[in-house]
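**Student:** Generate a structure from the sequence data that follows.
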Amino acid sequence: MHDRSSVSGDAVTSPSQGPSFGLTEPRATSPHASSTVTAERAALAEPEGRTRPGTSASKRDSYLDNAKFLLITLVVVGHAVEPLLDLGAARALYYWMYFFHMPAFILVSGYLARSFDGSPARVEKLVLSVAVPYLIFWGIHHGIYAIEHGELRDTVSPLQPTWTLWFLVALFLWRLSVPVWRRFRYPLIIAVLISVSAATVELGPTLSVGRVLSFLPFFVLGLCLRREHFAWLARTWMRVVSLVFLAVTVLLAVPLSQRLDKDWLYWSQSLTDRDIDPLLPSFLIRLSLMGLGLLMTVAFLALVPRRHTWFTIAGKYTMYVFLLHPVIFILLKASPWYDSIDGWKGLAVTILIGLALVPVLSSSWVRRCTRWAVEPGTERRAHERVAQHGS
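**Tutor:** A predicted model of the protein is given here:
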């Protein structure tokens, strides 16, 4: 899926420069500086999902597709084990994945959105690739609920996302804001201040604004990154340290899963809703989770394979997995499945189901059957080509 979200799309390459976390472009003070600025502007103008002409790389970046596949796998497995949190192992695994899988997804989203310039063509593509699928699957979620319960929900409004669809709302708003962030000298600092400020007020469920603002720093950080930052993660010592660090966080997840309310993992509620003082422990917990999410994201990205693998191609179609797997789990939760399983065997089988769903939902035959809902823009363009050919 081209020109897509974190769950689709590809790398926008940039010229080789020293690491820089600012989005503002330097003034050209010499011919060399002028050419550097011109190159950066050209890189930001490139269509997403392609590399610069003349490079030996393929049109898609295997590294980012691998990262997206692994992240969507964590998302699916997390949703698979969610009804089994009474089991200690399932709860620890759930906490470990939720510490970083959404921050990592959002950071990659920001990196892939760097070329979004707010042009009419880009906005139209954003509407077709994010807003329209959101409305389709929002209707599907409510339809399943109505069939199961024999009535509609108390509140039926597209402005209140259902379950996983909050991410599409956030992605839509974040991408629209890209041109604004590119104008700031210190965008990351501003994003962190907005995130912390958002945690002090009750924003309600409308458009999932709480999550949109709380996770904002990870998206903006992705916007600030350059290709050389990811190359730095490939160093051997960095990969070894990352492996050890993630192993330590697995151990950390065990006691935290027993002492920390899981609502902290969702970044959706105001700190004022907590039973503890929001000015001290609550802020420290939120900032600690933000730091932990960032460090685990860095460690995860350092360990992602950079070569083409058996799952690289599936990484191109993670939007299908993202939108389709909740429908399956909504139906599975309505069935006797989760009531009929318990213990380690039930957990193992459920995890295997989650792992199997990812390649299945990204397969070609599933994509052909569901393209009308997941990629309506592609479907429309295909019909237009057929009509033009027929005429």
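
**Student:** Neighbours of residue 358, how many?
**Tutor:** A count of nearby residues for residue 358, using other C-beta atoms under 10 Å, gives 24. Heads up, the C-betas are built off the backbone N, CA and C, glycines and all.

**Student:** Show me what the helix or strand that contains it is in contact with.
**Tutor:** Per DSSP states H and E: residue 358 is located in helix 343-361. Applying C-beta atoms under 8 Å, 6 or more residues apart in numbering, the contact partners of helix 343-361 are 69, 72-73, 76-77, 79-81, 84, 87, 89-90, 311, 314, 320-321, 324-325, 328, 341, 366.

**Student:** rerun at 6 Å
**Tutor:** Outside of helix 343-361, the residues within contact range by C-beta atoms under 6 Å, 6 or more residues apart in numbering are 73, 76-77, 80-81, 84, 87, 90, 314, 320-321, 324-325.

**Student:** can you map out the helices along the stretch 101-250 of the chain?
**Tutor:** 120-126, 132-149, 166-176, 178-181, 187-198, 209-214, 216-224, 227-232, 236-259 (DSSP state H, counting those that start in this stretch).

**Student:** TSV please, covering the ones you listed and showing distance to residue 334, mean neighbour count and mean pLDDT.
**Tutor:** Listed next are those as TSV, based on distance: least, C-beta to C-beta, whole Å; neighbours: other C-beta atoms under 10 Å; pLDDT from 0 to 100:
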stretch	distance to residue 334	mean neighbour count	mean pLDDT
helix 120-126	33	15	95
helix 132-149	5	16	94
helix 166-176	21	23	97
helix 178-181	39	16	96
helix 187-198	34	17	94
helix 209-214	25	22	94
helix 216-224	33	25	97
helix 227-232	41	16	93
helix 236-259	26	14	96
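
**Student:** of these, which approaches residue 284 most closely?
**Tutor:** Among the helices of the stretch 101-250 of the chain, the nearest to residue 284 by C-beta to C-beta is helix 187-198 (11.5 Å).

**Student:** Who are the packing partners of the closest one?
**Tutor:** Secondary-structure packing of helix 187-198 (3 or more C-beta pairs under 6 Å, 6 or more residues apart in numbering; DSSP states H and E): helix 209-214, helix 216-224.

**Student:** Spatially central residue in this protein, please.
**Tutor:** residue 105 (3.1 Å; C-alpha atoms, centre = their mean).

**Student:** roughly how far apart are that residue and residue 94?
**Tutor:** For residue 105, the distance to residue 94 equals 16 Å [C-beta to C-beta, to the nearest Å].

**Student:** likewise residue 329?
**Tutor:** Taking C-beta to C-beta as the criterion, residue 329 is separated from residue 94 by 14 Å.

**Student:** just residue 239 next, same as before
**Tutor:** Taking C-beta to C-beta, one finds residue 239 at 26 Å from residue 94.

**Student:** per-residue confidence at residue 390?
**Tutor:** You'll see residue 390 listed with a pLDDT of 52.

**Student:** Check which helix or strand the nearest residue to residue 316 once chain neighbours are set aside maps to.
**Tutor:** Computed as C-beta to C-beta, 6 or more residues apart in numbering, the closest residue to residue 316 that is not its neighbour in sequence is residue 65, at 5.7 Å. Element membership of residue 65, judged by DSSP H and E, is helix 62-81.

**Student:** And the helix holding residue 358, how far out from the chain middle?
**Tutor:** 21 Å (C-alpha atoms, centre = their mean, to the nearest Å).

**Student:** any idea of the mean pLDDT in it?
**Tutor:** Helix 343-361 comes out at a mean pLDDT of 95.

**Student:** Just want the angle from the helix or strand following it to helix 343-361.
**Tutor:** Per DSSP H and E, the first helix or strand lying C-terminal to helix 343-361 is helix 364-374. Relative orientation of helix 364-374 versus helix 343-361 (axes from the mean of the first three to the mean of the last three C-alpha atoms, to 10 degrees): 80 degrees.

**Student:** tell me what helix 364-374 is packed against?
**Tutor:** Packing partners of helix 364-374 (3+ C-beta pairs under 6 Å, 6+ apart): helix 318-334.

**Student:** Mind doing that once more with 7 Å?
**Tutor:** Packing partners of helix 364-374 (3 or more C-beta pairs under 7 Å, 6 or more residues apart in numbering; DSSP states H and E): helix 132-149, helix 318-334, helix 376-390.

**Student:** Surely residue 256 touches residue 95?
**Tutor:** Yes. Counting by C-beta atoms under 7 Å, residue 256 does reach residue 95; the two are 5.9 Å apart.

**Student:** Distance check, the closest residue to residue 208 other than its chain neighbours against residue 267.
**Tutor:** What sits nearest to residue 208 in space, not counting adjacent residues and going by C-beta to C-beta, 6+ apart, is residue 166, at 3.7 Å. For residue 166, the distance to residue 267 equals 10 Å [C-beta to C-beta].

**Student:** Give me the common contacts of the two.
**Tutor:** Residues touching both residue 166 and residue 267 (C-beta atoms under 7 Å, 6 or more residues apart in numbering) are residue 211.
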